[in-house]
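**Student:** fold the following, please.
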Amino acid sequence: MSNTTAAAVTAEIGTKKKEKMPISLMWLTIGAFAIGMTEFLVMGLLPNVANDLNVSIPQAGQIITSYALGVAFGAPLLTILTHSIAKKKLLVLLMFIFILGNGLSMIAPNYPLLIMARIMTALAHGTFLGAGTLIATHLVAPHKKGSAVALVLAGLTIANIVGVPFGTFIGQQFGWRASFGVITLLGFIALLGIAKYIPTIKENNHVSIMQEINAVMKPQVLLTLITGLFGCASLFALFTYISPILQQISGFQENSVTWILVIFGVSVTVGNLIGGKLSDWKTLPYLIANYAILGIVLALLSVTLQNPILVIITLFVWGAAAFSIMPGIQLRTMTLASEAPMLVATSNHSFLNLGNAIGAYLGGVVITFKGLGGLPWLASGLAFIGFILIFIIYKTDKKTA
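**Tutor:** Numbering: from 1, shown residues only. Here you go, the predicted model:
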């Protein structure tokens with residue numbers, strides 16, 4: 001290698017190391033933060049909502065299920081209906097829907113109307129994250145796409161560190177409706193930032209709806225989406241009921257749950273960022289290991305729940321393992337459908353939230369028949385199904401390579 005060539009290679013490596021994420025990505029992260037806060041906040045306030053609306057804990061859990069189903073079925077439909085809208089304009093429209101849904105949640109006088117308001121809010125969720133992650137991959141170099149996706153999705157996880165504990169505290173002190181007021185205000189801030197700072201992405205090649213649908217229907221894409229579904233089902237089968245679990249089994253007071261959620265939020269943020277780095281490296285091998293670790297940790301949680309110290313340690317590892325899956329699933333599906341990625345990117349969040357709904361529902365069934373103590377075993381079993389599926393994907397990829 002000549003000195004000139006060596007110098008060029010060295011300069012290129014140095015440039016890659018010095019590359020920073022564009023500051024405009026921050027507004028996509030803030031939008032995801034608001035979405036993460038409205039999605040996960042109810043878990044910490046589940047007993048409060050149940051008492052105020054005179055419903056049982058499993059019934060209150062259906063508030064989470066309805067939101068997840070709204071994302072699962074509403075996101076693809078909304079993506080198809082808004083197919084011709086430019087991505088930046090679409091983000092603005094979706095954030096407006098988000099603000100309206102949370103505003104209605106704040107003033108909903110009863111359980112059925114709260115369910116309806118949550119479904120409206122959910123319509124913005126999957127399509128926003130799909131469009132947001134797609135825009136993010138256009139704003140960075142090819143070798144940074146996984147990290148860019150993780151940065152946007154970090155808004156969901158950072159919401160667990162700051163937003164959910166803060167919202168839970170507000171809800172416990174001033175009523176759960178006040179928490180939705182805070183989220184509505186945050187939605188306005190995100191809307192203004194997106195409108196002003198997110199660049200308009202030039203879309204040279206028009207992709208038809210049928211091309212988008214055909215991309216989703218690819219066998220490897222569908223199998224990856226289903227694998228992600230089981231990962232989220234595993235998460236929500238347990239996390240939906242985390243507040244009553246920590247209070248009734250581990251013996252924590254209500255105000256302690258807020259700080260435990262902060263610790264959990266740190267863990268999921270760490271896991272998400274690690275997942276982004278690993279997905280830029282070797283996506284499938286890391287996902288195989290990830291699902292295996294997740295299943296084992298959840299099985300251990302059935303034992304550590306009885307010990308206040310061990311349960312916090314296990315929750316931290318569980319959070320990191322659960323959320324490190326997300327960037328890899330998102331990037332792989334978008335890569336497999338690179339010629340028509342929008343509906344695939346949105347469908348990914350639809351499947352993830354369908355998993356949320358299935359997990360929350362199955363968790364309610366297990367509570368009814370086995371009590372809260374049966375939830376870790378349910379979550380572990382769902383994670384191991386995901387492990388089997390991702391292993392099948394890996395073997396299939398090797399055969400077709």
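**Student:** export stretch 341-354 to CSV, keeping only CA atoms.
**Tutor:** Only the C-alpha atoms of stretch 341-354 are listed here, as CSV (Å, rounded to 0.1, in the frame of the first residue of the first chain):
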residue,chain,number,x,y,z
PRO,A,341,-39.2,0.7,3.7
MET,A,342,-42.0,3.0,5.0
LEU,A,343,-44.8,0.5,5.6
VAL,A,344,-42.3,-2.1,6.8
ALA,A,345,-40.9,0.5,9.3
THR,A,346,-44.4,1.3,10.5
SER,A,347,-45.5,-2.4,10.5
ASN,A,348,-42.6,-3.1,12.8
HIS,A,349,-44.1,-1.0,15.5
SER,A,350,-47.5,-2.4,14.7
PHE,A,351,-46.2,-5.9,15.4
LEU,A,352,-44.3,-4.8,18.5
ASN,A,353,-47.5,-3.2,19.9
LEU,A,354,-49.6,-6.2,19.0
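**Student:** return the set of buried residues in that stretch.
**Tutor:** Within stretch 341-354, the residues scored as buried using 16 or more other CB atoms under 10 Å are 341-354. All C-beta spots, glycine's among them, are computed from the backbone N, C-alpha and C.
**Student:** buried stuff in stretch 150-162?
**Tutor:** Buried, per 16+ other CB under 10 Å, within stretch 150-162: 150-161.
**Student:** which of the residues you listed fall in helices?
**Tutor:** 150-158 (DSSP state H).
**Student:** and of the residues you listed, the nearest to Leu298?
**Tutor:** Using CB to CB, Thr157 comes nearest to Leu298 of these, at 18.5 Å.
**Student:** contacting residues for the closest one?
**Tutor:** Contact partners of Thr157, counting by CB atoms under 8 Å, 6 or more residues apart in numbering, are 36, 265, 268-269, 271-272, 323.
**Student:** Phe252 too?
**Tutor:** Contacts of Phe252 by CB under 8 Å, 6+ apart are 246, 260, 308.
**Student:** so who does the last one touch?
**Tutor:** Under the criterion of CB under 8 Å, 6+ apart, the contact list for Pro308 reads 250-252.
**Student:** how near is the residue most central in space within the chain to Ser208?
**Tutor:** Computing the C-alpha centroid of the chain and ranking residues by CA atoms, centre = their mean puts Leu156 first, at 5.9 Å. As judged by CB to CB, to the nearest Å, Leu156 and Ser208 stand 31 Å apart.
**Student:** before we move on, what about Asn110?
**Tutor:** For Asn110, the distance to Ser208 - CB to CB - is 43 Å.
**Student:** inside helices: which ones of the contacts of Phe252?
**Tutor:** Judged by DSSP H, the contacts of Phe252 include 246, 260, 308 as members of helices.
**Student:** with distance to Thr396 as extra columns, can I get these in a markdown table?
**Tutor:** A markdown table is the format used below for the ones in helices among the contacts of Phe252 (distance: CB to CB, whole Å):
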| residue | distance to Thr396 |
| --- | --- |
| Leu246 | 40 |
| Ile260 | 40 |
| Pro308 | 44 |
